[in-house]
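sharing a model prediction with you, sequence too.
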Amino acid sequence: MSVPPNDVISPPPPPAGTPSAEEKQWALFAHLSALIGYIIPFGSIIGPLVIWQIKKNEMPFVDDQGKEALNFQITVAIAAIVCIVLMLVLIGILLFWILAIANLVFIVMAAIAANNGQAYRYPVCLRLIK
């Protein structure tokens, strides 16, 4: 028996065509702008949101990667809130550090893929913005 795919779980297909050098650069910025969150609270959401809003109508690749970066950072923010709550039982401290390191690794992987013109899909991501 086959189960129909669930739109909430499966990522959207990447935009067709090869992105231009400018699109690759803006997609790279969309992913790397999430690093602002390590300095400014909620900067990890604000950075990709601003770039996505500015370039989504002009560049399909940036629209796709901006949404992907924003969705992942919202997912990370939700996970961080859960970690903060779990700090009451001490396990949250360890989980928070693991989350921060995983976030950094995935941002770098996404930035490299976007710079190469590949549509990156984060492995664990709530697709809230479509």
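That came through, no problem.

what about the helices in this protein?
For the chain, the helices defined by DSSP state H occupy 21-32, 43-55, 60-86, 91-115.

show me what contacts residue 106?
72, 122-123 (Cβ atoms under 8 Å, 6 or more residues apart in numbering). (Each C-beta comes from the backbone N, C-alpha and C, glycine too.)

got a pLDDT number for the closest residue to residue 78 other than its chain neighbours?
Spatial nearest neighbour of residue 78, chain neighbours left out: residue 126 (7.3 Å); criterion: Cβ to Cβ, 6 or more residues apart in numbering. We have a pLDDT of 86 for residue 126.

cool, residue 14 as well?
In the predicted model, residue 14 carries a pLDDT score of 60.

give me the contacts around stretch 47-65.
Applying Cβ under 8 Å, 6+ apart, the contact partners of stretch 47-65 are 12, 14-15, 17, 19-20, 22-24, 26-27, 29-31, 33-37, 66-67, 69-70, 73, 110, 114, 117, 119-120.

which of the contacts of residue 106 count as buried?
With burial judged by 16 or more other Cβ atoms under 10 Å, the buried subset of the contacts of residue 106 is 72, 122.

for this protein, give me the ranges with low pLDDT.
Within the chain, the segments meeting pLDDT under 70 span 1-16.

let's see 50
By pLDDT under 50, the weakly predicted segments of the chain are 6-8.

just want the most central residue of it.
The residue lying closest to the centre of the chain (Cα atoms, centre = their mean) is residue 69, at 2.4 Å.

ok, that one to residue 113 distance?
According to Cβ to Cβ, to the nearest Å, residue 69 stands 11 Å off from residue 113.
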